[in-house]
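J.: pasting the sequence and the predicted coordinates here, then a few questions.
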Protein chains: 2
Amino acid sequence: MKESQMNGAECLLRTLLANDVNLCLMNPGTSEMQFVSALDRVPEMRGVLCLFEGVCSGAADGYARMTGKAAATLLHLGPGLANALANLHNARKARSPVVNIVGEHSTQHLVYDAPLTADIEGFARPVSGWVRTVEQAAAMGEAAASAVAAALGPPGKVATLIVPADFSWSEAGDPGCPGRKPPRPLPGFEQIREIARALRSGETAGILLSGSALHECGIRAADRIRAATGARIFANRNGARLARGGDIPAVERIPYFPEHAQALLAPMQRLILVEARPPVSFFGYPGLRGTLAPPDCAFDVLASEEQDGARALEWLAEALNAPLGATARAVRPDLPTGGELTAAAIGRIASALVPEGTIFSDESVSSNEALWLNLAGAARHEYLPVTGGAIGQGLPVALGAALACPQRKVVALEADGSGLYTTQSLWTMARERLDVTIVILANRRYRILDIEIARTGAGKMGPRAGEMIDLTRPEPDWIKLAQGFGVQAARAATVDEFIREFSAAMREPGPRLIEAQLS
Amino acid sequence: MKESQMNGAECLLRTLLANDVNLCLMNPGTSEMQFVSALDRVPEMRGVLCLFEGVCSGAADGYARMTGKAAATLLHLGPGLANALANLHNARKARSPVVNIVGEHSTQHLVYDAPLTADIEGFARPVSGWVRTVEQAAAMGEAAASAVAAALGPPGKVATLIVPADFSWSEAGDPGCPGRKPPRPLPGFEQIREIARALRSGETAGILLSGSALHECGIRAADRIRAATGARIFANRNGARLARGGDIPAVERIPYFPEHAQALLAPMQRLILVEARPPVSFFGYPGLRGTLAPPDCAFDVLASEEQDGARALEWLAEALNAPLGATARAVRPDLPTGGELTAAAIGRIASALVPEGTIFSDESVSSNEALWLNLAGAARHEYLPVTGGAIGQGLPVALGAALACPQRKVVALEADGSGLYTTQSLWTMARERLDVTIVILANRRYRILDIEIARTGAGKMGPRAGEMIDLTRPEPDWIKLAQGFGVQAARAATVDEFIREFSAAMREPGPRLIEAQLS
């Protein structure tokens, strides 16, 4: 027996490890048991159990956003993958690298159309940049290495590797080779020079950041360009991760509603796109334009989604001889005293109290604008927003971020409607003792739809329609839900109560939920 | 203005109603607000809000299993559909008619690749027998009528109708015409005669029932054939709905593990398939055959999945001159006194206490065999088992059955692992004040995988593998989870406690959860 002899499952695990994938978020079943069993032979792989597959995929997204690395998921056949799809949609829009491993029936069994048989590749395709069903046990190592390479891109992708059970239990040979971490290309010099020229032309110009351009170095470089040319710096509101607070230069986020966004961008004669596309509104509405820049705005691509936008910005700043700017430090707000418990108050309190390096996972909806404005003064932090609009990402992304950055405080700002899609995240936070503070902004309604119904031309909300966006009958009790999943929880109905609970959460580690009953 | 003038959303609702679809399980968003708004103009349509889309689809499945009618779902773009897919997979395997309505961006907005843009048809195809994106507002009525017709089959299907938002808010003309309830064809006379001849030939024969053949009239007809010919009556364990208990003749359910199933079927020289396929095991295992009948077993198709198996059985019974049998009434067990709280004890207690007409939704896994055996003595009831193996169907199916049959008691027998996939079902049960008793069979583990790991050749469960199927760290607290969703709940750790709690649940209406802590 050769020393390298191992079955497909172990080969798969060892290949992932060799390719720097060492976290697997899983909800396994029978067809994945060889993989699970191999965890005892490959202890370097960390397995984290989730009670629902959408938690696995959302956590993989959060982990990727914070590390740039791919985590693996382990999902049980077609239906297990199906439950993961919504958050894989978000990961796709975030361009997060994810290695999605999906068990499949043994190849002999597939012909029978057993109950769990489904078109797994069909489920995978809409969210995956790469899909492959392993063809034979001997291909396992190469296939797994290819999956990681595909996931890393650039840009990052969801790569789905489908593993028939018999290839897991059969001899598979050596693990796949470690891939080379792919470099992200840069734009050509001519392109930089032209954009520099345009920025010096006197046109009213803006720079729209997304992807890695929203990381600290990208924003700092963009700010140098702003200081040198007067160009305004805009941020894609659905970019994967944004550095903010402390001494990080402020950016202008594109508003949610098209009228507001169009008003903001109205003066722009030129937009420089950095890992971004021409901005469009979240939804289309009757009689409203969906594009947000003025119709005659010119676009230049400084960096495409494949390219390194942050370094391209640095290069552009150099080409402009932009001095290294000393930016103003955001002013931490004082704690409010009394008043109603509003999203604005919560943002201000969080801003006053979070430690440097905090990671916000923000899935608030109707509360989002007030939170965003008031978080500006917080210490340096990372902000992980909604990317694809699939609901139920906030808690899993917070979970993944906490797995990625165990030394940092994670704060999930969660809507009470959205939080009920993947509430199971709380259990894994408790299980892994993660330092996540969950703030539920409870308004007992899919509140945004009160606004959206009129915008779609449907007029006033009638009583029967109103019932379909109402969460008061019965009111979900977040304290009990959190405790049911093993997370300590408290309710806050006033500013003072919220300050007390949030302060305690900042002082002590561990998952902790605060149900903020909004006025 | 013509009197019939109405927008697409109202046209869609009115077409559904005209086609006898009068329940819509929904989790709407912006693109569906016109539909929601139209509820106030079309009060005959019952809208039921669910907190997660998998609850909508599973409830539509449960409703269809009990009524034979299609319910509609209303889902928010690709991600909303994605969350519904696992239970749509189950509905597909149950051959339940479901009209899946999925909102889409307005057609003008689709070109922009906005955050929520996804390949909705791609998501829909693996679970749908029929998929269509409405092409223009004027097509709404015809498209919706076609969707209902496609859903009804026969056999029943998931029909997915994708509705761009602008066709909802535009003038759409008249609703679609009501379709004719499609008749289910019967086999030819020659086929009946040949099967009758085979059953009289002296071969050892069995009749395998699925689909409508598992309804009361199908089982009664099969039992007449059994009495006349000695043929044994087998039931597909994953059929959508089975009548049982009281004076309904007993059938032999195909066991889960292939060795047991193969042993049961070993004597069979011939299997008569009634809306069933040749039986196969749930999973494939190394070195084991996946087919369950002996290799030389002959198969006859009495009724295909499209055909009316129950009526075909009645016809076959007539062709055999089988007398109308008087079957023995199942003997209700006495209540156990003391002893450990096991799945068997729970089955026996339920059997002793449920009223006639109870509907069981059973998603137990490792407890399933003991429950099944002990439920045999219950009063006449309907049994809704796992169909497609997508986890998280038990609670939504119970919800849908309760919406379908408000006068009947519904009992959900739910595994503690499986119940955590779609726990949000509890909230809608509370909201709609449904008469559902939920029994959580809590063993704090994905227990079945303790058995399956060895069966897949992965040997003993090591400590790290064991962690991946363990639910004790922390233990989910079902009492708090239920109360968190507004459902009253109690814990039972002994036989006496369970008798007390289950008796109370049988006496009083309303959703009520019992966490049964298994010994």
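T.: Great, that's in hand. None of the values given here were measured: they were computed from a predicted structure. Numbering: from 1, shown residues only, chains lettered A, B, ... in the order given.

J.: shaky segments in the stretch 201-350 of chain A?
T.: Of all residues in the stretch 201-350 of chain A, none has pLDDT under 70.

J.: name the residues of it found near chain B, please.
T.: A:238, A:277, A:280, A:281, A:282, A:283, A:284, A:285, A:286, A:290, A:291 (CB under 8 Å from any CB of the partner chain). From N, CA and C alone the C-beta is placed, and that goes for glycine too.

J.: quick check: the farthest pair among those residues?
T.: Across those, the longest distance by CB to CB is 23.8 Å; it joins A:277 and A:286.

J.: who does the one helix or strand residue A:438 maps to pair up with?
T.: Assigned by DSSP states H and E, residue A:438 falls within strand A:436-442. Strands that pair with strand A:436-442, judged by DSSP bridges, come out as strand A:410-415 (parallel), strand A:512-517 (parallel).

J.: could you chop chain A up by domain?
T.: In terms of domains, chain A is parsed into A:8-169, A:189-319, A:343-517 (source: automatic domain parsing).

J.: was I right to think residue A:159 contacts residue A:143?
T.: No. Counting by CB atoms under 8 Å, residue A:159 does not reach residue A:143; the two are 10.2 Å apart.

J.: and these two? which has more neighbours close in?
T.: residue A:159 (27 against 23; other CB atoms under 10 Å in any protein chain shown).

J.: show me the shaky parts of chain A.
T.: A:1-4.

J.: show me the contact partners of stretch A:199-209.
T.: A:198, A:218-219, A:222, A:225-226, A:229-236, A:239, A:251, A:254, A:265, A:267-276, A:279, A:298, A:302, A:309, A:313, A:320 (CB atoms under 8 Å, 6 or more residues apart in numbering or on different chains).

J.: actually stretch A:119-132, sorry about that
T.: Against stretch A:119-132 from outside (CB under 8 Å, 6+ apart): A:77-78, A:81-82, A:85, A:88-89, A:91-92, A:100, A:102, A:104, A:133, A:143, A:146-147, A:150-151, A:153, A:157-162, B:78, B:85, B:118-119, B:122-123, B:125-126.

J.: sitting in strands, which of the residues you listed do you find?
T.: Among the contacts of stretch A:119-132, the ones falling in strands (DSSP state E) are A:100, A:102, A:104, A:133, A:158, A:159, A:160, A:161, A:162.

J.: chain neighbours aside, what residue packs nearest to the first one?
T.: If you skip the residues right next to it in sequence, residue A:100 has residue A:160 as its closest partner in space, 4.2 Å away by CB to CB, 6 or more residues apart in numbering or on different chains.

J.: residue A:251 reaches residue A:236, doesn't it?
T.: No. Here residue A:251 does not reach residue A:236: they are 9.8 Å apart, not a contact under CB under 8 Å.

J.: between these two, what contacts are shared?
T.: A:209, A:214.

J.: which single residue of the stretch 101-250 of chain A ends up nearest chain B?
T.: residue A:109 (3.0 Å; CB to the nearest CB).

J.: ok, how many other residues are close to the nearest residue to residue A:297 once chain neighbours are set aside?
T.: Spatial nearest neighbour of residue A:297, chain neighbours left out: residue A:268 (5.2 Å); criterion: CB to CB, 6+ apart. Here the number of neighbours of residue A:268 (other CB under 10 Å) works out to 22.

J.: the one 10 residues further on too?
T.: Counted by other CB under 10 Å, the residues lying close to residue A:278 total 14.

J.: cool, residue A:181 as well?
T.: The burial count for residue A:181: 12, using other CB under 10 Å.
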